[in-house]
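*Asks:* 3D, please:
(one chain, ligands or ions: 1)
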Amino acid sequence: MLETDLVIVQIDESAMLNGQEVCDRLKKDNPNLGMPWFVFTDANKNVLADATGPNGNVGCPMMPEERDWFIDGVRKSRVNLSDAQIDELKLLLHKYAIEVIGDEAGALPTTTAPPLEATTTDLLIQYGADRSALQRTWNIPFSSINHQRHIDFENRWLAWVEIAQQRDYPRNGQIDLALLHNHILSHIAELQLTRAKQKDVGEHLWPVLILNALLEAKAKREFTTPEKAARILNGAASNIDRLIDEVDFDAVDAVRSQRIYRVLGSSKRLLDAWFDFGMDYDPLFSWWCEQPYNTLVEKVDDYRELFAADEDEIIGDPIGEAALLQQLGYAMIPYSPDDLVAIAEREFAWCETEKNKVIAELGARNWTGALRMAKAVHVAPGEQPAMIKELHDESVSFLRERDLLTIPDLADEVWRMQMMSPERQKVSPYFTGGEVISISYPTDGMTHEEKMKSMLGNNRHFSRATVHHELIPGHHLQGYMAKRWNTQRSMFYTPFYVEGWALYWELLLWDLNFPQNALDKVGMLFWRSHRCARIIFSLNFHLGNWAPQQCVDFLVERVGHERLNAEAEVRRSVQGGYGPLYQAAYMLGGLQLRALSKKLVGGRQMSLKQFHDSVLKQGPIPIAAVRANLDESVKISTMANWEFND
Ligand SMILES: [Zn+2]
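*Replies:* Numbering: from 1, shown residues only. Got it, this is the predicted structure:
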């Protein structure tokens, strides 16, 4: 933050040429003061403040009066820093001092605490609103000012949450604060990971980074003169020429190329907006900037093309074991990736046993034969919506007859159907749901192969196994309830809850004999083994063990996917903006909920219906936090350590 105003120069008195001399001159009044020592000067080297306080050197300001002396120096020398920023600096220094010298640093001032009248719900909503406002303002990739602003923001809120946690809020509020604390830490980790990945390709992007000065100024509502802007644009363009000559493009691997390609894309979009802001509205801007801008845009496009990937190639960006462990921690899953793969293999083995029973029942030769029999049972073109409705009615009747959960009439009234576009069907071969179920089925413009693939994939038995996943009790009912209960928790969205809930029902419905015949079982087992496979391939991918192509082969061989669908699945998983744990979250979240049900319902603390109704009211939070909400005996501070896989 200090860089906003100051040029920071470090002088080492012993290691630097003339270091001692310069230090002595600066410390003219008292050369015997120890190190470290600091001095603030203006641009003309006039001393504005220094580290020589009333009681000696405060070069390392830790005690309250030492910190005040330092902050006073910042105040005297500031040009741009706002009062709020100085307050923030003061708070950060205070927190650091607490870390270093403990209680002696003094308690955090109450003026920096969140308002006393705020409920925990207010605090969650305020954090969410603050963060998205900041993100709308500071969204410049690769900018260190941008990065620091977000880090400072998260740290400030972290301090607030820690203060609020000392207050006497009710238990569910305390859980919310613990979730917020966890959530902020996950954002800090994410910021650092993004920063590290960006730095890793920095050498190929520096000419474009020069342009960030323009975007940063705009974010701060500062005005760059058109002449200066033109100079920056022109400089960047000639630097790109140099890079094109110098870079050995063959040495940049596919993962890095993709990263560079994406950053250049978003930088360009931001620059376009920056340009449109001045162009035509400011005559001098047009005069100076139009020409260099057009030249630059062409060069950025040419340069970006050099990093473009082959369209058919699947390229992901594995996050590695350390980041994976960190993310598991934030999801409150106390297991290593290896443990989780072992759980997946155990569930897979269960599927294999059941598959063999079904193969025998059907008289099929093998699993592929059984799948072929199920795929053959599909409706004629045009009839899929009627079938989806029929399957939905069937599963809702099943739930109601057994009184498994509350289904509000309105929830059942308002879900709707639409047909999925042929373009989207290419990456999303099966229907998707929520309040609107988007139906994947052939259109007359598709090739014969595409039509057949779509009809076979969306056969009755595969669909019967997942209509409830998408509608009721799955995503639609879940979304319906999440908009009505604990809405402040929506920002904690986690697939362990969202996909875990839908998957939990796949497990439970099997146990309740939902499948009516062997082909229904084929459908359910196809999906269930697919969920196990998702854990195995996605974790191995992010650990760096498997390349995307190995993941595709695995899905074809172990689950029985058609190759094109397996490719679409892997592409979506590693390239499509899903978090690294998304694919693993289905089965793991489902197993967590099953374990929780076993404990609470099995232990007669509540009925199965009460359990389901209560889970739906919690909002999309880690299942370990759902558990803490439903079971008062769980300690909030250690709720994340729940070992559900006993
Ligand atoms: Zn789902």
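*Asks:* quick one, phi psi at the closest residue to the ion within the stretch 501-646 of the chain?
*Replies:* Closest approach of the stretch 501-646 of the chain to the ion (C-beta to the ion) occurs at Ala502, with a separation of 4.7 Å. C-betas here are computed from N, CA, C, even on glycine. Torsion angles at Ala502 (phi, psi; degrees, to the nearest 10) stand at phi -60, psi -40.
*Asks:* what segments of the stretch 451-600 of the chain are strands?
*Replies:* Taking DSSP state E, counting those that start in this stretch to define them, one finds no strands in the stretch 451-600 of the chain.
*Asks:* so which strand or helix has the residue lying closest to Arg464 once chain neighbours are set aside?
*Replies:* Leaving aside its chain neighbours, Arg464 sits nearest to Leu391 (5.1 Å; criterion: C-beta to C-beta, 6 or more residues apart in numbering). For Leu391, the element it lies in under DSSP states H and E is helix 384-401.
*Asks:* check contacts around Gly106.
*Replies:* Gly106 is in contact with Pro64, His94, counting by C-beta atoms under 8 Å, 6 or more residues apart in numbering.
*Asks:* in contact with the residue most central in space within the chain, which residues?
*Replies:* By C-alpha atoms, centre = their mean, the mean C-alpha position of the chain lies nearest to Gly579, the distance being 5.6 Å. Shown in contact with Gly579 (C-beta under 8 Å, 6+ apart): Gln327, Pro495.
*Asks:* same deal with Ala236?
*Replies:* For Ala236, the contact set (C-beta under 8 Å, 6+ apart) comprises Pro207, Val208, Ile210, Leu211, Leu296.
*Asks:* kindly provide the distance from Leu371 to Ser77.
*Replies:* 73 Å (C-beta to C-beta, to the nearest Å).
*Asks:* between the two, which one's more packed in?
*Replies:* Leu371 (25 against 18; other C-beta atoms under 10 Å).
*Asks:* how close does the more buried one sit to the ion?
*Replies:* 21 Å (C-beta to the ion, to the nearest Å).
*Asks:* can I take it that that residue is in a helix?
*Replies:* Yes: counting by DSSP: H, G, I helix; E, B strand; the rest coil, Leu371 is found in a helix.
*Asks:* give the contact list for the closest residue in space to Ala178 that isn't next to it in sequence.
*Replies:* Spatially, and ignoring its direct neighbours in sequence, Ala178 is nearest to Ile636 (5.4 Å; C-beta to C-beta, 6+ apart). Residues counted as contacts of Ile636 (C-beta under 8 Å, 6+ apart) are Arg171, Gln174, Ile175, Ala178, Ala628.
*Asks:* apply 10 Å and report the result again.
*Replies:* Gln165, Arg171, Gln174, Ile175, Leu177, Ala178, Leu179, Ala625, Ala628, Asn629 (C-beta atoms under 10 Å, 6 or more residues apart in numbering).
*Asks:* which one of those is nearest Lys375?
*Replies:* Ala625 (40.2 Å; C-beta to C-beta).
*Asks:* can you tell me the helix or strand for the closest one?
*Replies:* Counting by DSSP H and E, Ala625 is found in helix 623-630.
*Asks:* check Phe40 too.
*Replies:* strand 39-41.
*Asks:* so what strands line up beside that strand?
*Replies:* Here strand 39-41 is paired, per DSSP bridges, with strand 47-50 (antiparallel).
*Asks:* what domains does the record give for the chain?
*Replies:* 2-112, 120-200, 202-305, 326-641 (automatic domain parsing).
*Asks:* what distance separates the third one from the centre of its chain?
*Replies:* Using C-alpha atoms, centre = their mean, to the nearest Å, we find the averaged C-alpha position of domain 202-305 to lie 27 Å away from the chain's own average C-alpha position.
*Asks:* also the longest one?
*Replies:* Averaged C-alpha coordinates place domain 326-641 at 21 Å from its chain's average position (C-alpha atoms, centre = their mean).
*Asks:* endpoints of that domain, how far apart?
*Replies:* 14 Å (C-alpha to C-alpha, to the nearest Å).
*Asks:* show the contacting residues for Asp646.
*Replies:* With C-beta under 10 Å, 6+ apart, Asp646 has these contacts: Ala595, Lys598, Lys599.
*Asks:* which among these count as buried?
*Replies:* Ala595, Lys599 (16 or more other C-beta atoms under 10 Å).
*Asks:* so which of the domains of the chain is nearest Gly320?
*Replies:* Nearest to Gly320 among the domains of the chain is domain 326-641 (6.2 Å), distances taken as C-beta to C-beta.
*Asks:* state the mean pLDDT of the closest one.
*Replies:* Taken as a whole, domain 326-641 has a mean pLDDT of 95.
*Asks:* wait, Arg372 sits on Leu456?
*Replies:* Yes: under the criterion of C-beta atoms under 10 Å, Arg372 makes contact with Leu456 at 8.7 Å.
*Asks:* which residues does the helix or strand harbouring Ala217 contact?
*Replies:* For Ala217, the host element (DSSP H and E) is helix 212-219. Helix 212-219 is contacted from outside by 136-146, 149, 222-224, 228-229, 232-233, 236, 267, 270-271, 273-275, 277-278, 289, using C-beta under 10 Å, 6+ apart.
*Asks:* now stretch 341-352
*Replies:* Stretch 341-352 is contacted by residues 335-336, 367, 507, 524-540, 543, 545, 558-559, 584, 587-588, 590-591, 644-645 when judged by C-beta under 10 Å, 6+ apart.
*Asks:* buried ones among those residues?
*Replies:* 335, 367, 507, 524-540, 543, 558-559, 584, 587-588, 590-591, 644-645.
*Asks:* near the ion, list only the ones from these.
*Replies:* Near the ion, judged by C-beta under 5 Å from the ion, there are no entries from these.
*Asks:* which ones among those residues lie within helices?
*Replies:* 367, 507, 524-540, 584, 587-588, 590-591 (DSSP state H).
*Asks:* contact residues of this protein facing the ion?
*Replies:* Counting by C-beta under 5 Å from the ion, the chain sits next to the ion at Glu499, Ala502.
*Asks:* close enough to count as contact, Tyr335 and Gln592?
*Replies:* No: the criterion here is C-beta under 10 Å, and Tyr335 misses it with Gln592 at 11.0 Å.
*Asks:* overlap of the contact sets of the two?
*Replies:* Common neighbours of Tyr335 and Gln592 (C-beta under 10 Å, 6+ apart) are Phe644, Asn645.
*Asks:* quick check: longest helix of this protein.
*Replies:* Longest helix in the chain by number of residues (criterion: DSSP H): helix 171-200.
*Asks:* mind listing what's buried along that helix?
*Replies:* In terms of neighbour count (16+ other C-beta under 10 Å), helix 171-200 has its buried residues at 173-187, 189-191, 193, 195, 197-198.
*Asks:* can I get the domains of the chain in a markdown table including distance to Gly316?
*Replies:* What follows is those, written out as a markdown table (distance: least, C-beta to C-beta, whole Å):
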| stretch | distance to Gly316 |
| --- | --- |
| domain 2-112 | 35 |
| domain 120-200 | 13 |
| domain 202-305 | 7 |
| domain 326-641 | 3 |
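*Asks:* about what we covered before: and the helix holding Leu391, C-alpha only, in PDB?
*Replies:* Output of helix 384-401 as PDB, limited to C-alpha atoms (Å, rounded to 0.1, in the frame of the first residue of the first chain):
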ATOM      1  CA  GLN A 384     -38.800 -36.800 -24.800                       C
ATOM      2  CA  PRO A 385     -40.500 -34.000 -22.900                       C
ATOM      3  CA  ALA A 386     -43.500 -36.200 -22.200                       C
ATOM      4  CA  MET A 387     -41.200 -38.900 -20.900                       C
ATOM      5  CA  ILE A 388     -39.400 -36.500 -18.600                       C
ATOM      6  CA  LYS A 389     -42.700 -35.400 -17.200                       C
ATOM      7  CA  GLU A 390     -43.800 -39.000 -16.600                       C
ATOM      8  CA  LEU A 391     -40.500 -39.900 -14.900                       C
ATOM      9  CA  HIS A 392     -40.800 -36.800 -12.700                       C
ATOM     10  CA  ASP A 393     -44.300 -37.700 -11.600                       C
ATOM     11  CA  GLU A 394     -43.200 -41.200 -10.900                       C
ATOM     12  CA  SER A 395     -40.400 -40.100  -8.600                       C
ATOM     13  CA  VAL A 396     -42.500 -37.500  -6.800                       C
ATOM     14  CA  SER A 397     -45.200 -40.100  -6.100                       C
ATOM     15  CA  PHE A 398     -42.600 -42.400  -4.800                       C
ATOM     16  CA  LEU A 399     -41.300 -39.700  -2.400                       C
ATOM     17  CA  ARG A 400     -44.800 -38.700  -1.300                       C
ATOM     18  CA  GLU A 401     -46.100 -42.200  -0.700                       C
END
